[in-house]
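> What follows is a protein structure lacking sequence information:
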């Protein structure tokens, strides 16, 4: 899997940290006037209020795990499915807390619908802005995690499909193994899937799911055709013994974080950040737990659902049109 | 008579209404006041972007990827020193549309992290204007362009809007968000001029560092024609023995004189304002460092400076940098 790393990791010039310019207030811009300062947020007016009231935060054991968009006045919430495992409560911007239950999941888009258990039939919902020709850069905003402020940024780049990444074992492969009759594991990435399954450095992989392998590319292909979470059977030779391990594959981005300086500088990112039919890209400063919530344009129209935090300058959103089409099958008619 | 009177009233109104217009541009306000101000900023950026974007390049060197901006028709590119690494290196650049071109690294300085490269293929290349020295103030709106994470044709160039939050000597800080791969890319003002080049990211994602174009202006010929100045070179070159910071429009304010150095022996004092070295006007701190370190211990320099408003001049023999 060395080839994976060389395409992932070192492509970028690291930008090392440098001592701060003395930020005594007289010589630097006051925080309130910065892009995400309170005074700047104020200019977003009605759009900010809309963002806060139509967003909820989803909690598990009192901890925020995701945001969600109120998409139906009966209290249906749309959110990022893979972030919400075990979500118990939804908290609205007025501080009201509701028990929730899951109604439906859409694995392809990584979306889920939860229902807030309440007799209220007049929850404030997002108003979709779809079909407008998109010009870039464009202001975007979303509610902060605590629903008391907003975060602002711009969307830019070409809306596009994000391809599938496939699963990984988390090993660095040695050279093609005609001589060894297999491929030697040069290194097992600590804490990754192969490590947890019990594979060790210098094990020689001879079969994957019963198929003989002698070339690195065969291993890479067999593994990456599977998805994160899939189980594969790996047969290795260790000190002239043949052993078989079941490896539950991991996410490539998470597994190889270690090797990617950009990700080290980015803080926690979403596990699933691949395989979306279409995304918009923007630079809102939201943490991983801020995914699942709605993102708005300057007029407070909802332009999408934040679906993955990629790095410190990139969030992907599923565009409104796409989400809306999916919603037809997700929300019960009653 | 009456019509003439009105004519004058009308005329006299013009300057003041022009003044109002200029002040009401939302990016000249202390802060945008409402959604309409933000809408004007948005459409202004959409108008500026196509021309600015065309001049941005992705730079590929060995295993690394950075960004740069073309600033002349014949393909001179401003970038970061840490992107080029050294002078005379063969590189490859890519325009936004994916067009590839060969280039060679010229010079720059590791002090400010300014670097230059030249596209070797025949032009004309799309290019953009750069702002003159001293044209940026704290609070100015700006936008960063570049290839965060490396070139991605399907994605394209990414825009990050922000404001200048601090500026001192050879560094500018903004809250435009940056990532590796952006290095060397341009920071634009809202007139569509390059005001700085992305240099380093800070732990805080909204306090990143850029090289102001002032560094390029002050050392243009040196960056274009000489070898990249490394921090190691500073150790080898001549030594003066003072600390200074940039002072108003031009000149350098002496903040400290180191004991037992040529600077102290020459009688220079704290708060003197250095104006020129061997007739070369001193606009940036980096320029003084480059001039001194490009000479050797024992070389004589003539330094002109202001003390209490009086113009003075000293001949100083440079020394060796203490180990």
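Received it, and whenever you're ready, just let me know what you need. Bear in mind the structure is a predicted one, so any value in this text is a computation, not a measurement.

> distance of the closest residue to chain A within the stretch 101-250 of chain B from residue B:225?
Per Cβ to the nearest Cβ, the residue of the stretch 101-250 of chain B with the smallest distance to chain A is residue B:180, at 3.4 Å. For every residue, glycine as well, the C-beta is placed using N, CA and C. Plainly put, residue B:180 is 30 Å away from residue B:225 if you go by Cβ to Cβ, to the nearest Å.

> cool, and residue A:229?
To residue B:225, residue A:229 is 58 Å away according to Cβ to Cβ.

> Find me the pLDDT at the closest residue in space to residue B:235 that isn't next to it in sequence, would you?
Distances taken as Cβ to Cβ, 6 or more residues apart in numbering or on different chains place residue B:321 nearest to residue B:235, at 5.7 Å, with adjacent residues excluded. pLDDT for residue B:321: 84.

> Now do the contacts for the nearest residue to residue B:59 once chain neighbours are set aside.
Distance criterion Cβ to Cβ, 6+ apart; nearest residue to residue B:59, sequence neighbours excluded, is residue B:66 at 4.6 Å. Residues in contact with residue B:66 (Cβ atoms under 8 Å, 6 or more residues apart in numbering or on different chains) are A:13, B:58, B:59, B:79, B:80, B:83, B:147, B:181, B:182, B:183, B:184, B:185.

> Burial check on the second one, number of neighbours?
Residue B:58 has 25 neighbours, counted by other Cβ atoms under 10 Å in any protein chain shown.

> for the one 3 residues further on, same thing?
By other Cβ under 10 Å, the residues close to residue B:61 number 19.

> how near is it to chain A?
Note on residue B:61: its distance to chain A, by Cβ to the nearest Cβ, to the nearest Å, is 8 Å.

> That residue: what's it in contact with?
B:83, B:84, B:85, B:89, B:91.

> I'd like to know the beta-bridge partner residues of it.
residue B:64 (DSSP bridges).

> Distance of it relative to residue B:68?
Separation of residue B:61 from residue B:68 (Cβ to Cβ): 11 Å.

> overlap in contacts of the two?
residue B:83.

> Can you tell me the closest non-neighbouring residue to residue A:165?
Setting aside the residues directly before and after it, residue A:165 is nearest to residue A:274 in space (Cβ to Cβ, 6+ apart), at 3.9 Å.

> Report the residue ranges of every domain in the chain.
No chain was given, so I picked chain A. In the domain annotation for chain A, the residue ranges read A:31-160+A:276-330, A:167-248 (automatic domain parsing).

> you looked at the wrong chain, it should be chain B
Chain B breaks down into these domains under automatic domain parsing: B:26-229, B:231-320.

> ranking the ones you listed by mean pLDDT, which is last?
Least confident of the domains of chain B, judged by mean pLDDT, is domain B:231-320 with a mean of 91.

> Is the residue nearest to residue B:59 located within a strand, as I assumed?
Yes - counting by DSSP: H, G, I helix; E, B strand; the rest coil, residue B:66 falls inside a strand.

> Tell me which stretches of chain A form helices.
Remark: helices of chain A, listed N- to C-terminal, are A:2-8, A:38-42, A:45-53, A:193-197, A:216-224, A:252-255, A:261-264, A:320-330; assignment by DSSP state H.

> Now do the buried residues in the fourth one.
Of the residues in helix A:193-197, those scored as buried under the neighbour-count criterion (16 or more other Cβ atoms under 10 Å in any protein chain shown) are A:193, A:194, A:195, A:197.

> need the residues of the stretch 151-300 of chain B near chain A, please.
Taking Cβ under 8 Å from any Cβ of the partner chain as the measure of proximity, the stretch 151-300 of chain B contacts chain A at B:154-168, B:171, B:173, B:175-183, B:199-203, B:205-207, B:209.
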